[in-house]
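# Sequence first, then the predicted structure:
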Amino acid sequence: MKNKVILMTVALLFSISGHTTPTLESLYGDFYNQSGVSIQVFSGGCTSKDSFAVQKQNSRGVALIYFYRIKPDLCKAFFRYGMILNFTYEDLGLQYRDRFKIMNPYVAPRAKAEVPLEAVYGHYNNNHGVFIQVRSGGCTSKSSFAMRKQNNQGVQQIYLYRIEPDFCETFLKYGKLLSFSHADLGLQLNDRFQIMNPRIEPRTAW
């Protein structure tokens, strides 16, 4: 059932996870009230309650609660403060007045997104704009990239960063040619500019 929390032992955690090893989640924070427990966790845009399983252990009358991530979040949206997930006491196998302790470690929220500078196969320009040849498995488009521009002694330096990964598996030896207008890059037709991305050779095989 969607959003039904999995509450089980560590042994069962590993048995249900298939090829994904359950990992004890590092939390940005947690809090609780009469309704239940809320945890603040990393999210790239694809995290929900059913991304987690819960393990509960009893220690001298105190319930020790562990949140394990069983579905990785491979999405690339940048949420500096992650996502807040709400669990009822029933979700956690608890009664309202039970004594409990969250055992997950804590980390600080990310200060910035980890966005890679794209290595390109080549590029050229004409009166219509700039054409850049990039790696692609079949799921790359202009919207896969963000651009940064800086002025260096009258020359506009252009950096292209991949913000949406291409997980598709089509083999395109020469990648994909993307067309950017001068306006796309914040340029005027007569501006002097330089593409600053590193160059690599097209791949010959997977």
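Looks like it arrived, so ask away.

# Any idea how many residues pack against I158?
Neighbour count for I158, taken as other Cβ atoms under 10 Å: 21. Quick note: C-beta positions are derived from backbone N, CA and C, even for glycine.

# For the residue of the chain most remote from its centre, grab phi and psi.
In the chain, the residue that sits farthest from the middle, by Cα atoms, centre = their mean, is R60; the gap is 38.8 Å. Dihedral pair for R60: phi 50, psi 50, per degrees, to the nearest 10.

# Give me the pLDDT for it.
Looking at R60, its pLDDT stands at 92.

# what's the answer for K2, then?
pLDDT, K2: 42.

# Then E114?
pLDDT, read off for E114, is 55.

# Same check on G44?
For G44, the predicted pLDDT is 84.

# and the nearest residue to T140 once chain neighbours are set aside, which of the three is it?
Nearest non-adjacent residue to T140, counting by Cβ to Cβ, 6 or more residues apart in numbering: D166, 4.6 Å away. Secondary structure assignment for D166 (DSSP: H, G, I helix; E, B strand; the rest coil): coil.

# isn't D166 right next to S144, touching?
Yes. Taking contacts as Cβ atoms under 8 Å, D166 lies within contact range of S144: 6.7 Å.

# Mind listing what's buried along stretch 52-65?
52-56, 63, 65 (16 or more other Cβ atoms under 10 Å).

# actually stretch 192-206, not the one I wrote
193, 195, 197.

# just checking, V41 touches L24?
No. In terms of Cβ under 8 Å, V41 does not count as a neighbour of L24; the distance is 11.7 Å.
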